[in-house]
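**Q** Quick one, fold the following:
(2 chains)
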Amino acid sequence: MIATGAALAIEGLSAGYADTQVLWDVSLRIEPGETIALIGSNGAGKSSLLAAISGLIRVSSGTVRFGETDLTNHAPDRIVSAGVVQVPQGRRLFNSLSVEENLLMGAFLRNDKEVKSDVERILNLLPRIRERYDFLAGRLSGGEQQQVAIARALMARPKMLLIDEMSLGLAPVLVDQLLEILKTIRESGVAIMMVEQDVQTALEFSTRAYVLESGRVTISGPSAELLDDPQVKRAYLGV
Amino acid sequence: MSFLRIENVGMRFGGLQALDDVSFEVAKGSVLGLIGPNGSGKTTMMNVISGVYKPSAGRVQFAGKTIADVRTHDVCKLGIARTFQIVKPFASLTVRENVAVGAMYGREGSKRSTQQSFERSQELLEIVGLARVGDKAASDLTIPDRKRLEVAKALALDPDVLLLDEVMAGLNATEVDEAIDLIRTVNARGVTLIIVEHLMKAIMSVSTSVVVLAEGKKIAEGLPHEVVASPEVIKAYLGTRFAERQMQLDEIKREVQLAREVEPGAHA
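**A** From the prediction side, this is the model:
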């Protein structure tokens, strides 16, 4: 499967909750098949930016475009249908449903005949999930649940994955397994935007990175350069 | 005797240990910044200090009393007031009335007539910069003004200690500078402050000392610039591997500098 992608272009985006603005004039771009990291301290607005892209909070100004399509303030299901799919923080599985049912929920918007073959393809990619296929999602370990969350997103046939805090609360060896899975996904042409609290993981896995600070992009550039940039620490700690 | 003392405080919610054996002291007249990554226990600590939660272990000592032994609504009469992250005005009262309520029912309330409470309200509105909107309904205020109102309401309780929980969230750069000025003004009037804030630049500029929590434990304490140089703090904020890499890069830089001093020109 090669996901022929479009670039995601965010221009001058501002957004927030009720009267509280949390994102200010954010611009960024992800090329088809590219992996970028979005980092920054807590409260910087990373998850809010993903929410704005996914149509979960209202964009007050600026645009989100995916290829030729304007996705700004579209309903979340239309954004998923366009190929931009989120793997949310904390996984947000349907814990009392089986792994199989969770995967099928990922295909909720599809009515093509290839859902079953996609399940098979994804289970080949994630053998651990095949072993757990009939279990209730809530009974799985944290690492397995994260795999299910990724699998569920893949069932929507994404061109771009927005992955929020994948490594949170997981042992390093499990994080490494997940990163291997993401590599395979990336090689199939899916673009990835990863929000990560572990800066090293984020910068090693991505080609470019954006640093958010108080709702604004303050640093951006090739990830390899940011690894050695003292400004990154400053963005987190203020000095 | 210390002013406000947090002694071995633990707070457990079911299986979650939100605070674990946290101790620190707050000096009279100081501005203590309480920082830490998401979920580190900052707001829980604010709730323990203000008596909203009874700690499952340890205690908070203030004015010769253990806070957990004081009824929640009496904590303000002891001299501790707080703001809330989600502001809580009386929406249908005017701004002036909101603050007057605090002045009437707070620590000095029984000594004030209604008129004196409104006079006190007016004073406080001037201090926080809300006199211009005193007759508006609280629900009509902008976000920065609601934050100011939250501070004025707490000050109306005549506290010795004021806990500020995220008063800068959602403010733009100018408004943040104004909030910092307000914090300094309040502190200069003799109120000891404990501040929880995500905005590190603000914390660094306004705090006289900083306590850092991570996963419910205290991982650092000291002057602002000392605390952010602490390896434990850098690890908590940026992740262990990135922090260690940065520290090694710094070490190499220092070694190169040292080598240059030993033999100038050799590593040009």
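
**Q** How many residues are close by the nearest residue to B:Arg5 once chain neighbours are set aside?
**A** Leaving aside its sequence neighbours, B:Arg5 sits nearest to B:Gln61 (CB to CB, 6 or more residues apart in numbering or on different chains; 4.4 Å). Every C-beta, even on glycine, is put in place using the N, C-alpha and C of the backbone. Residues within reach of B:Gln61, counting by other CB atoms under 10 Å in any protein chain shown, total 17.

**Q** From the contact counts, what lies against whichever helix or strand B:Gln61 is part of?
**A** B:Gln61 is part of strand B:57-62, with elements assigned from DSSP states H and E. Secondary-structure packing of strand B:57-62 (3 or more CB pairs under 8 Å, 6 or more residues apart in numbering or on different chains; DSSP states H and E): strand B:4-13, strand B:16-26.

**Q** Residue of the stretch 1-150 of chain B closest to chain A, please.
**A** In the stretch 1-150 of chain B, the residue that lies nearest chain A is B:Asn38 (4.1 Å; CB to the nearest CB).

**Q** Next, the buried residues of the helix or strand that B:Glu119 is a member of.
**A** Using DSSP H and E, B:Glu119 sits in helix B:114-128. By neighbour count with 16 or more other CB atoms under 10 Å in any protein chain shown, helix B:114-128 contains the buried residues B:117-118, B:120-122, B:124-125, B:127-128.

**Q** Which residues of chain A lie near chain B?
**A** Contact residues, chain A versus chain B (CB under 8 Å from any CB of the partner chain): A:16, A:19-22, A:24, A:41-44, A:197-201, A:203, A:214, A:227-228, A:230, A:232-233, A:236-239.

**Q** In helices only, show me the residues you listed.
**A** When DSSP state H defines the helices, the subset of these inside them is A:199-201, A:203, A:230, A:232-233, A:236-237.

**Q** Just the buried ones out of those, please.
**A** Buried among these (16+ other CB under 10 Å): A:199-201, A:203, A:232-233, A:236-237.

**Q** Helices of chain B, residue ranges please.
**A** With DSSP H as the criterion, chain B has helices at B:42-49, B:72-78, B:95-105, B:114-128, B:143-155, B:173-188, B:200-206, B:224-228, B:231-238, B:240-262.

**Q** So which elements touch the fifth one?
**A** Packing contacts for helix B:143-155, counted by 3+ CB pairs under 8 Å, 6+ apart, involve strand B:80-82, helix B:95-105, helix B:114-128, strand B:161-165, helix B:173-188.

**Q** cutoff 6 Å now
**A** Applying 3 or more CB pairs under 6 Å, 6 or more residues apart in numbering or on different chains; DSSP states H and E, one finds that helix B:143-155 makes contact with helix B:95-105, helix B:114-128.

**Q** Show the secondary-structure elements that the shortest one is packed against.
**A** Helices and strands touching helix B:95-105, by 3+ CB pairs under 6 Å, 6+ apart, are helix B:114-128, helix B:143-155.

**Q** possible to save the ones you listed as JSON lines with mean pLDDT?
**A** Converted to JSON lines, the helices and strands packed on helix B:95-105 look like this (pLDDT from 0 to 100):
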{"stretch": "helix B:114-128", "mean pLDDT": "95"}
{"stretch": "helix B:143-155", "mean pLDDT": "92"}
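
**Q** Which positions in the stretch 151-268 of chain B make contact with chain A?
**A** Contact residues (CB under 6 Å from any CB of the partner chain) of the stretch 151-268 of chain B with chain A: B:170, B:198, B:200-201, B:204, B:228, B:237-239, B:241-242.

**Q** In a markdown table, list these along with neighbour count and distance to B:Gly102.
**A** As requested, those are arranged in a markdown table below (neighbours: other CB atoms under 10 Å in any protein chain shown; distance: CB to CB, whole Å):
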| residue | neighbour count | distance to B:Gly102 |
| --- | --- | --- |
| B:Gly170 | 20 | 23 |
| B:His198 | 19 | 26 |
| B:Met200 | 24 | 30 |
| B:Lys201 | 18 | 30 |
| B:Met204 | 19 | 30 |
| B:Val228 | 24 | 35 |
| B:Tyr237 | 24 | 36 |
| B:Leu238 | 25 | 41 |
| B:Gly239 | 21 | 43 |
| B:Arg241 | 16 | 48 |
| B:Phe242 | 25 | 45 |
